[in-house]
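In: Fold the following, please.
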Amino acid sequence: MRTHPPELTCNACSDKPDRIVVLGIGNLLWADEGFGVRCIEALQKRYVFADHVELIDGGTQGLYLIQFVQAADALLIFDAIDYGLAPGELKLVRDEEVPRFMGAKKMSLHQTGFQEVLSLAQLTGGYPKQVLLIGCQPEELEDYGGSLRPIVKAAMQEALTLGLTELTHWGAQPQTREVQLSNREAVTMDELALAAYEAQRPGPEAACREGDDRFFPAQVG
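Out: Below you'll find the model as predicted:
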């Protein structure tokens, strides 16, 4: 897998950012759309960071993420981006160029929304001083319920290595986690939403009374 270098040379000053946000966006339910979220999940499970570092599973929240962007001095984004490259290739983009690439061909279910988030942050003067997008070219997005394709899953380790290098430069102080998180502690937003839905779903008798035959069809005969 080739890694495409950043479009711009980093002009960051030597001062370390006061607040670092690491954001993974995407949708676990649509194959390679889950790349960014899986990267965040892996970082959370494997590493601990300094107190001023926040890892966010952004899912497909779109404009709801504006508060995290505006509050960040440095923002690292993991995402599946259609760059028009070979599947699994990584491309790094920095700073003011990032919004343009977040909307590239708009294949992703969420990219347009997050492009608007970044543009709004620029307009309001809340754009982070340093931004790095680590994007991976997807192979398949139109597979509901599908997992990451092998070539995209294989690209995750390189993406994480690149991210950790940048985070170290920013002063995030990544350290290997000594005590492993439980699956529940490391659960992602989409999985939490599914668990909440299952917990609130009515039982068979209640569902039939309420006309919810999508899950519990009425008995015949």
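In: Report the contact partners of Asp18.
Out: Listed by C-beta atoms under 8 Å, 6 or more residues apart in numbering, the contact partners of Asp18 are 52, 73. Just so you know, the C-beta spots here come from the backbone N, C-alpha and C atoms, and that holds for glycine as well.
In: let's number from 102 now, not from 1
Out: Okay, residue one is now 102; in that scheme the one you just asked about reads as Asp119.
In: Just to be sure, it is in a strand?
Out: No: under the criterion used here (DSSP: H, G, I helix; E, B strand; the rest coil), Asp119 is coil, not part of a strand.
In: what's the pLDDT at it?
Out: Looking at Asp119, its pLDDT stands at 92.
In: same deal with Ala175?
Out: Reported pLDDT at Ala175 in the predicted model: 96.
In: Next: the one 5 residues further on.
Out: The score at Asp180 is 91. That number is its pLDDT.
In: how about it, phi and psi?
Out: Main-chain dihedrals, Asp180, degrees, to the nearest 10: phi -160, psi 160.
In: Share the number of residues neighbouring it, please.
Out: The number of residues packed near Asp180 is 27, by other C-beta atoms under 10 Å.
In: go on, Ala255?
Out: The number of residues packed around Ala255, counting by other C-beta under 10 Å, is 12.
In: hang on, it is in a helix, isn't it?
Out: Yes: counting by three-state DSSP, Ala255 is found in a helix.
In: Name the nearest residue to it, sequence neighbours excluded.
Out: Gly189 (6.5 Å; C-beta to C-beta, 6 or more residues apart in numbering).
In: Quick check: phi and psi at that neighbour.
Out: Here the main-chain torsion angles of Gly189 (degrees, to the nearest 10) amount to phi 90, psi -10.
In: show me the contacts for it.
Out: Neighbouring residues of Gly189 by C-beta under 8 Å, 6+ apart: 102, 237-238, 240, 252-253, 255-256.
In: In the protein, what residue spans correspond to helices?
Out: Ranges of helices within the chain are 136-147, 167-172, 199-203, 212-224, 251-271, 290-301, 305-310, based on DSSP state H.
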